[in-house]
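1. Provided below for reference: sequence and predicted model.
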Amino acid sequence: MSRRPLYLGAMAVLVFQTPAVAQNAPIDRSHSPVLGPPPKVSLPPIATRQLPNGLKLIIVEQHELPLADFILVIGSGGTVDPTGKAGVANLTAAMLTEGAGKRSSLEIADQQAFLGIGLNTGSNWDASTISLHTPTAQMDSALALFADIVLRPTFPMAEFERIRKNRLTDLIQIKDRPTVIANQAYASILYGSTHPYGQPLIGTEASINSIVSTDLVNFYKTHFFANNSTLIIVGDVNPDQIERKIASMFGSWQQGAVAEYHLADAPKAGGTTVYLIDKPGAAQSSFRIGSIGVPRSTKDYFALTVMNTILGGSFTSRLNQNLRETHGYTYGARSGFDMRRAAGPFTASAEVVAAKTDSGLIEFMKELNAIRDTVPAVELQKTKRYLQLGLPADFETTQQIAGALVPVALYNLPLDYYNNYVQSIEAITQADVQRVAREYINPASLVIVIVGDRKSIESGVRAVNAGPLSIRDFTGQPVSQ
């Protein structure tokens with residue numbers, strides 16, 4: 001037996017064994033090669049620290065290149081937008097680089113270019129993030145800018161008005177994009193317009209018009225605390241040295257009372273209903289089909305990952321092979337569980353050529369029913385290898401490693417989560433896949449949203465008889481028929 005490391009980027013993360021082969025041994029070309037056992041992933045050690053103010057540090061040393069990546073994860077996002085103010089978390093994140101400390105927006109952009117660094121902000125349902133990619137030679141200056149943005153944002157009024165107007169323009173443009181209409185209407189119908197998950201993260205025209213700069217300041221003051229944050233650090237650093245550097249810059253960051261936030265229960269599922277949204281002249285029909293799924297804390301995470309990969313989580317998945325490869329109805333069909341702190345949606349989706357809307361719906365329902373049957377052992381094994389052998393590609397750069405650690409920080413996953421990923425996937429059985437498919441995918445209780453040319457597709461959709469049909473507007477609200 002031979003042992004050799006497989007290097008990914010600058011980091012050796014895998015060790016695997018392959019049987020020795022005689023140099024002149026004949027090769028049997030009548031059969032496809034047989035995959036050996038999946039390699040065991042071994043990430044570099046993860047160091048953890050915590051500053052006296054509660055700021056947690058997750059540090060991974062990677063010394064091959066003189067680079068470092070920092071991602072600050074603040075544990076509050078769009079879920080805690082104030083009532084009627086959807087989009088506040090998203091706008092707050094966008095405004096962080098528009099003025100900080102004594103620097104204006106243009107001065108921040110100029111310094112980024114001068115230092116040759118990457119600096120980005122963002123938000124999702126559960127978190128707001130600020131990320132920094134820097135050469136280690138520029139680390140001190142880059143971290144000083146980073147600290148200004150995190151600790152001393154100024155939220156200048158002129159920049160706020162510019163960004164707010166740009167956001168309103170984006171929202172107007174969305175009205176001409178069936179894919180975005182489908183996404184937003186689906187969420188609104190599935191969760192209801194009063195539930196946070198039923199509102200778009202970027203806000204609505206009404207909510208953005210109601211937001212003022214003090215809303216962003218208040219969101220920052222309410223949620224941006226040291227003890228509500230984790231700083232992920234990956235690269236050419238020493239844990240003790242970088243801890244001291246971070247302590248000198250962020251040690252004065254205040255703690256705060258982080259209120260526990262409990263989402264109201266999502267609406268109870270009823271029978272399958274088709275919701276049709278008219279987009280006159282649309283050449284394609286945008287499908288969003290699904291139900292309320294599971295939180296990230298679910299015990300069924302790995303079983304659901306395997307099951308969904310078979311259904312619609314890869315190019316060779318059943319949905320894509322059926323609707324794209326076999327029938328040619330779409331360029332791609334997919335499915336996924338959006339797992340958040342609370343139960344996010346399960347969604348199967350595709351953009352289907354308008355003339356085949358009814359046929360596409362038939363094939364969707366066919367696959368959503370079929371996944372509840374026993375998955376063949378060969379298909380299960382292929383899927384498990386796909387997930388296991390694809391994992392190392394997510395750890396080729398310091399940026400990728402830092403990004404992969406965000407859910408570890410956000411959802412309190414064990415530090416050895418990725419080291420045990422291969423074994424966790426391997427443990428999933430046919431019975432596990434069937435159990436979670438039957439538990440979490442119920443074809444008799446689905447929301448089916450179709451955005452398309454009503455005049456040309458309605459009769460065909462009705463004929464499929466997947467469920468009663470309701471006509472909705474672009475926001476998912478009922479309209480008179």
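-> Now that the structure is in, tell me what you want to look at.

2. from here on, contacts and neighbour counts on C-alpha atoms
-> Will do.

3. how about the strands in the stretch 151-300 of the chain?
-> For the stretch 151-300 of the chain, the strands defined by DSSP state E, counting those that start in this stretch occupy 229-235, 273-278, 284-292.

4. closest one to I310 among those strands?
-> Among the strands of the stretch 151-300 of the chain, strand 284-292 comes nearest to I310, with 16.2 Å by C-alpha to C-alpha.

5. tell me the mean pLDDT over the closest one?
-> Averaging pLDDT along strand 284-292 gives 98.

6. Now tell me what touches that strand from outside.
-> With contact meaning C-alpha atoms under 8 Å, 6 or more residues apart in numbering, strand 284-292 is reached by 178-179, 182-183, 186, 190-191, 266, 269, 343-354, 357, 441, 445-453.

7. Ends of stretch 279-286, what's the gap?
-> Terminal residues of stretch 279-286 are spaced 10 Å apart (C-alpha to C-alpha, to the nearest Å).

8. List the buried residues in that stretch.
-> 279, 282, 284-286 (16 or more other C-alpha atoms under 10 Å).

9. Looking at these, which is nearest G75?
-> When the buried residues of stretch 279-286 are compared for distance to G75 (C-alpha to C-alpha), S286 wins out at 33.0 Å.

10. Spatially nearest residue to that closest one, not counting backbone neighbours?
-> What sits nearest to S286 in space, not counting adjacent residues and going by C-alpha to C-alpha, 6 or more residues apart in numbering, is E351, at 4.5 Å.

11. re the thing from before, which of the contacts of strand 284-292 count as buried?
-> Those of those that meet the buried threshold are 178-179, 182-183, 186, 190-191, 266, 343-354, 357, 441, 446-453, by 16+ other C-alpha under 10 Å.

12. Next, the closest residue to N227 other than its chain neighbours: phi, psi?
-> For N227, ignoring the flanking residues on the chain, the nearest one in space by C-alpha to C-alpha, 6+ apart is G54 at 4.2 Å. The phi and psi values for G54, taken as degrees, to the nearest 10, are phi 100, psi -10.

13. Quick one: mean pLDDT for stretch 32-50?
-> 84.

14. Report the buried residues of it.
-> So, applying 16+ other C-alpha under 10 Å, buried residues of stretch 32-50: 38-41, 43, 49.

15. quick check, Y417 in a strand?
-> No - going by DSSP: H, G, I helix; E, B strand; the rest coil, the assignment for Y417 is coil, not a strand.

16. What distance do you get for it to V41?
-> Counting by C-alpha to C-alpha, the gap from Y417 to V41 is 10 Å.

17. is it true that T230 touches K56?
-> Yes - between T230 and K56 there is a contact at 4.6 Å, judged by C-alpha atoms under 8 Å.

18. Let's have the strands of the stretch 151-300 of the chain in JSON lines, adding distance to A333.
-> Rendered in JSON lines, the data for the strands of the stretch 151-300 of the chain read as follows (distance: least, C-alpha to C-alpha, whole Å):
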{"stretch": "strand 229-235", "distance to A333": "34"}
{"stretch": "strand 273-278", "distance to A333": "18"}
{"stretch": "strand 284-292", "distance to A333": "9"}
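
19. Tell me which of these sits nearest to Q423.
-> strand 229-235 (24.9 Å).

20. List the buried residues for the closest one?
-> Neighbour-count burial for strand 229-235 [16+ other C-alpha under 10 Å]: 229-235.

21. between the residues you listed, which is nearest K165?
-> Once C-alpha to C-alpha is applied, the member of the buried residues of strand 229-235 that ends up nearest K165 is S229, at 30.2 Å.

22. Look up which residues are beta-bridged to that closest one.
-> Beta bridges link S229 to I74, judged by DSSP bridges.
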